[in-house]
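[1] A predicted structure for the sequence below; I have some questions about it.
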Amino acid sequence: MLPSGADVIPLALALAIPAAAVYLVMPAYIKFLYSRGKTTNDAHKGKDVRVPTPAGPLLMGALVVGEAVAWAFYGSVVPLVLIVVVVACGLIGLYDDLRGLGGVVKPALLALVGLSVVLTERYYPRVYDPTVYFPLFTETGTHFIIFGLIVVASIPVASNAFNMLDAFNGEISGFTAIVSGALVVGILLRSYAIGETSASTLAVALPLLGVSLAFYYFNRFPSKVFDGDSGSLAFGAMFVILSIVCGVEIAALVALIPAVLNSYYILSSVRGLVERKQMAARPTYLGEDGRLYASTEVRAPTTLARMILLSGPRDERSLVRAILTVCAYAALLSVITSMMTWLL
Amino acid sequence: MLLVVTASWLLILGETFVFFDIVRPLGPALHEGNVPSTVLKVGLTAGLAALWVVVMFGLWWMYLRAHRTPT
């Protein structure tokens, strides 16, 4: 069952309020970061360009506001779980931004957040359905333990996949907007097919779309602000838990293929869980002509950007457009997967 | 890169077919079956995941080889 006319205002508010919060507060927040000296060098510009960071705390706050709107209208426990996940993962990222966390400690802490979601479902079984719905065939049986293990593992995997795709102007915000759009379509198709009301489920998914779209305005080339690990980890954790609580896991996995491949290839090429700052060489370098080139160093990690640049050098704007094109293609495949799951 | 993403997606769909048509009928539901049946089904499912990883690694190797990049 699709949302009714009475749901238009709550859904519009769940999308617009967090987006407006980012759009209206970000300029003052950027000034605040400048005044505190919280800036970093934008490594892909020819000169020393300082960009304020991290915007993560504001993004977390906007996501919390959006989930609070969903909770106010529909009263489910799901927005409260999402608030806990976003705040916990965002704070882990914020600590990583300010003090630094090891390549093993960070995923372990993120897994603990996943464990808290599983324990909530164990004692209050209204958070998610421990069943996976596959395209063309059917769903698996209900397996609390196996599904719980997947939930625990999914947060570190997805959060780090988002984090590793946060290297260029507009990359993480554009990617998050694209995949959360695909998620919203998947939720609508699922609701239409199985006859559940979709309004409360849509209401918890829309804040991520609104926040990422508003953030893209500030994060696109040339970036006025970077999100930091606090933003990317919060985005990744929220996306994956949304896919679980909304029951669209396979469609979400397909949308995440570029990010999963990016992190998989990085981890394969550096052979282990290594922080970006600890990597021996950069995957790309800035040429004298202002364009980005793929590194030819053997120790350099293989990223999506490096693989695209193997076809020839590009400026940053063109590179991000190419990466987001790949992400949009994966999002299209995700929508097709949702149609195969719920309509065939 | 679009071909790599497409291959990854098709592999997910193909493995879904193998999971539901071959692995799942091998025994009763996990919580009702005996230990060998459970181990076999879980092992084969893990094998499908490992196959995805191996194929993605192969595609990566071929992509880099086509562009003659040292790794």
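    That came through fine.
[2] which parts of chain B sit against chain A?
    Within reach of chain A by CB under 8 Å from any CB of the partner chain, chain B has these residues: B:1-2, B:4-6, B:8-9, B:12-13, B:16-17, B:19-21, B:29-31, B:53, B:56-57, B:60, B:63-64, B:67, B:69-71. All C-beta spots, glycine's among them, are computed from the backbone N, C-alpha and C.
[3] list the contacts of the residue most central in space within chain B.
    Using CA atoms, centre = their mean, the residue of chain B that lies closest to the mean C-alpha position is B:Leu48, 3.0 Å off. Residues near B:Leu48 by CB atoms under 8 Å, 6 or more residues apart in numbering or on different chains: B:15, B:18-19, B:23.
[4] which of those residues count as buried?
    When the contacts of B:Leu48 are checked for burial by 16 or more other CB atoms under 10 Å in any protein chain shown, the buried set is B:15, B:19, B:23.
[5] looking at those residues, spot the one nearest A:Tyr123.
    Proximity of the buried ones among the contacts of B:Leu48 to A:Tyr123 was ranked by CB to CB; the top entry is B:Phe19 with 30.7 Å.
[6] wait, what's in contact with the closest one?
    Taking CB under 8 Å, 6+ apart, one finds A:134, B:45, B:48 in contact with B:Phe19.
[7] could you find the lowest-pLDDT member of those?
    When the contacts of B:Phe19 are compared on pLDDT, A:Phe134 comes out lowest, with 84.
[8] the closest residue in space to it that isn't next to it in sequence: neighbour count?
    When the adjacent residues along the chain are set aside, A:Phe134 lies closest to B:Thr16, with 4.9 Å between them (CB to CB, 6 or more residues apart in numbering or on different chains). Using other CB atoms under 10 Å in any protein chain shown, the number of residues around B:Thr16 comes to 19.
[9] before we move on, the earlier item: let's have the contacts of B:Leu48 in TSV, adding secondary structure and pLDDT.
    Listed next are the contacts of B:Leu48 as TSV, based on DSSP: H, G, I helix; E, B strand; the rest coil; pLDDT from 0 to 100:
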residue	secondary structure	pLDDT
B:Glu15	helix	89
B:Val18	helix	88
B:Phe19	helix	86
B:Val23	helix	85
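[10] by mean pLDDT, point me to the weakest helix or strand of chain A.
    The least trusted helix or strand in chain A, going by mean pLDDT, DSSP states H and E, turns out to be helix A:257-270, with a mean of 84.
[11] now do chain B
    Among the secondary structure pieces of chain B, namely its helices and strands, helix B:35-66 has the lowest mean (mean pLDDT, DSSP H and E), a mean of 86.
[12] that helix to helix A:257-270, inter-axis angle?
    Note on geometry: by axes from the mean of the first three to the mean of the last three CA atoms, to 10 degrees, helix B:35-66 and helix A:257-270 are set 80 degrees apart in direction.
[13] drop anything exposed from the residues of chain B next to chain A.
    Buried residues within the residues of chain B next to chain A, defined by neighbour count using 16+ other CB under 10 Å: B:1, B:4-5, B:8-9, B:12-13, B:16, B:19-20, B:56, B:60, B:63-64, B:69.
[14] would you put the C-alpha positions of stretch A:102-118 in CSV?
    What follows is stretch A:102-118, C-alpha atoms only, in CSV (Å, rounded to 0.1, in the frame of the first residue of the first chain):
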residue,chain,number,x,y,z
GLY,A,102,43.4,2.4,14.7
GLY,A,103,42.5,0.4,11.6
VAL,A,104,41.2,-2.4,13.9
VAL,A,105,39.7,-0.5,16.8
LYS,A,106,37.3,1.6,14.6
PRO,A,107,35.6,-1.4,13.0
ALA,A,108,35.4,-3.2,16.4
LEU,A,109,33.6,-0.2,17.9
LEU,A,110,31.3,0.1,14.9
ALA,A,111,30.4,-3.6,15.3
LEU,A,112,29.4,-2.9,18.9
VAL,A,113,26.9,-0.4,17.6
GLY,A,114,25.5,-3.2,15.3
LEU,A,115,25.3,-5.5,18.4
SER,A,116,23.2,-2.9,20.2
VAL,A,117,20.7,-3.0,17.3
VAL,A,118,20.6,-6.8,17.5
